[in-house]
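[1] build me a structure from this.
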Amino acid sequence: MGDHPSADAVPGPPGAAAPPGHVPLPRAASPIALPHPTEPVSVTPAAAALLRSLREQHGPLMFHQSGGCCDGSAPMCYPAGEFRTGGSDVLLASLDVDGVPEPVEFWMSRAQWELWKHTRLTVDVVPGRGSGFSLEAPEGVRFLIRSHLAGNGA
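    Coordinates of the predicted model:
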């Protein structure tokens, strides 16, 4: 749940050769700007561009991240209000995305936020399909979260 290793990182001790079949992690499509120290969530330029496109197709948007297994730990993008939030969810941010006329709310399950509350989260987008109901799935890409420990200027 911390920073993702670079695309060149391989399992094992430093300097170890990549094991057969090793698939490097994707690099961010563009540099990741860390959120302001008081903001728990931000988006990369690539995620902002995808949000603008999804907004044109589907209207106002929202994110929810449940923290469940598999894609439940990925941020899911829905038309605003389509995913019903409740007392077990926390509104972490109302994201101002250039070119999107209204804020994009970012919700997370309270239990997941308890585990991640010491981090700053960045919504990014990478090639590949997730297995959830998130709006970007037909585009052949998926949203993901990159996390950074909060504090020390981060």
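[2] what about the strands in this protein?
    In the chain, the strands defined using DSSP state E lie at 41-43, 61-65, 76-79, 89-95, 104-109, 119-127, 141-149.
[3] so which of these is nearest residue 135?
    Ranking these by distance to residue 135, with CB to CB as the measure, places strand 76-79 first at 4.7 Å. Any C-beta I mention is one placed from the backbone N, CA and C, and that applies to glycine too.
[4] would you mark the buried spots in the closest one?
    76, 77, 78 (16 or more other CB atoms under 10 Å).
[5] returning to that earlier point: would you turn the strands of the chain into CSV with mean pLDDT and distance to residue 52?
    Written out in CSV, the entries for the strands of the chain read as follows (pLDDT from 0 to 100; distance: least, CB to CB, whole Å):
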stretch, mean pLDDT, distance to residue 52
strand 41-43, 96, 11
strand 61-65, 96, 10
strand 76-79, 96, 12
strand 89-95, 96, 12
strand 104-109, 96, 10
strand 119-127, 95, 12
strand 141-149, 92, 14
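[6] want to throw these into a markdown table with distance to residue 135?
    Formatted as a markdown table, the entries for the strands of the chain read as follows, by distance: least, CB to CB, whole Å:
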| stretch | distance to residue 135 |
| --- | --- |
| strand 41-43 | 15 |
| strand 61-65 | 7 |
| strand 76-79 | 5 |
| strand 89-95 | 15 |
| strand 104-109 | 11 |
| strand 119-127 | 12 |
| strand 141-149 | 9 |
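[7] can you report how many residues lie near residue 87?
    For residue 87, the count of nearby residues is 6 (other CB atoms under 10 Å).
[8] ok, and the closest non-adjacent residue to it?
    Across the structure, with CB to CB, 6 or more residues apart in numbering as the measure, the residue nearest residue 87 apart from its sequence neighbours is residue 110 (7.9 Å).
[9] which stretches of this structure have low pLDDT?
    Where the chain drops to pLDDT under 70, the residues are 1-38, 68-72, 131, 152-154.
[10] before we move on, the earlier item: the strands of the chain: which one's closest to residue 49?
    Each of the strands of the chain has some distance to residue 49 by CB to CB; the shortest is strand 119-127, at 8.2 Å.
[11] about what we covered before: ok, so of the buried residues of strand 76-79, who is nearest residue 54?
    Using CB to CB, residue 77 is the member of these that lies nearest residue 54, at 6.4 Å.
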